[in-house]
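*Asks:* No sequence on hand, only this structure:
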């Protein structure tokens, strides 16, 4: 899509919902493994990584130590498997968004909405996000944010090539700013609703700076500010084992 074409309207941009990315695992094994990962995420979200005991995770999962150790040798192994699942399911969402006919800026907005919605309502993402914020797993957080910056920069390079960015905008620096704003909003926001509001307000300040006047004007007239909120119940239901 070129900068002279109309931007898609917001109803064409529903936020996709997370799905499990472990379909290759056998059904019986998959169900038990999912129960353990969901329980671990729930406990990490409530108590943090250091404060989470394996006994608490087993109590939430309703499973035995034997079931746990059949799949995971330690709490760290649980956390690492949880991170792998979260990253893999994110790539499924990126592929789904990429299959739509969107210009790079609309794609970036939708990807960011999906990212924020997962932070808000996906229990696995909520759990691993808190876990990797602690010193024991901090290197995973650094890798996570660096990967997000690189993906955002790639999208902005595509927008630059399509003539959608404002003159002088550096895609790499802009990507760093976007990720810093999003992660800062996550750290500051008091609850899911506040996070969505903060990120929406942040985009209202960023889009006119980052994009050319024509694209920014179409975006402002698109009704994006009034787009529907993510359905939290759909996110939670999608993670049922």
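*Replies:* Looks like it came in fine. Every value quoted in this text rests on a predicted model; they were computed, and no experiment measured them. Numbers count the residues shown, from 1 in each chain.

*Asks:* Now for residue 228, how many residues are close by?
*Replies:* Neighbour count for residue 228, taken as other C-beta atoms under 10 Å: 10. No exception for glycine: its C-beta is placed from N, CA and C like everyone else's.

*Asks:* do you know how far it is from residue 234?
*Replies:* Per C-beta to C-beta, to the nearest Å, residue 228 is found 12 Å from residue 234.

*Asks:* Now for residue 17, how many residues are close by?
*Replies:* 21.

*Asks:* Show the contacting residues for the residue with the largest distance to the centre of the chain.
*Replies:* If you look at how far each residue of the chain sits from its centre, by C-alpha atoms, centre = their mean, the farthest one is residue 66, at 32.4 Å. Neighbouring residues of residue 66 by C-beta atoms under 8 Å, 6 or more residues apart in numbering: there are none.

*Asks:* so residue 20 makes contact with residue 89?
*Replies:* Yes. With contact defined as C-beta atoms under 8 Å, residue 20 reaches residue 89; the gap is 6.5 Å.

*Asks:* What is the burial count for residue 161?
*Replies:* Neighbour count of residue 161, defined by other C-beta under 10 Å: 11.

*Asks:* Can you tell me what sits against the lowest-mean-pLDDT helix or strand in the chain?
*Replies:* The helix or strand of the chain with the poorest confidence is helix 232-238; it has a mean of 91 (mean pLDDT, DSSP states H and E). Helix 232-238 has contacts (C-beta under 8 Å, 6+ apart) with 17, 18, 19, 20, 117, 118, 120, 121, 122, 123, 192.
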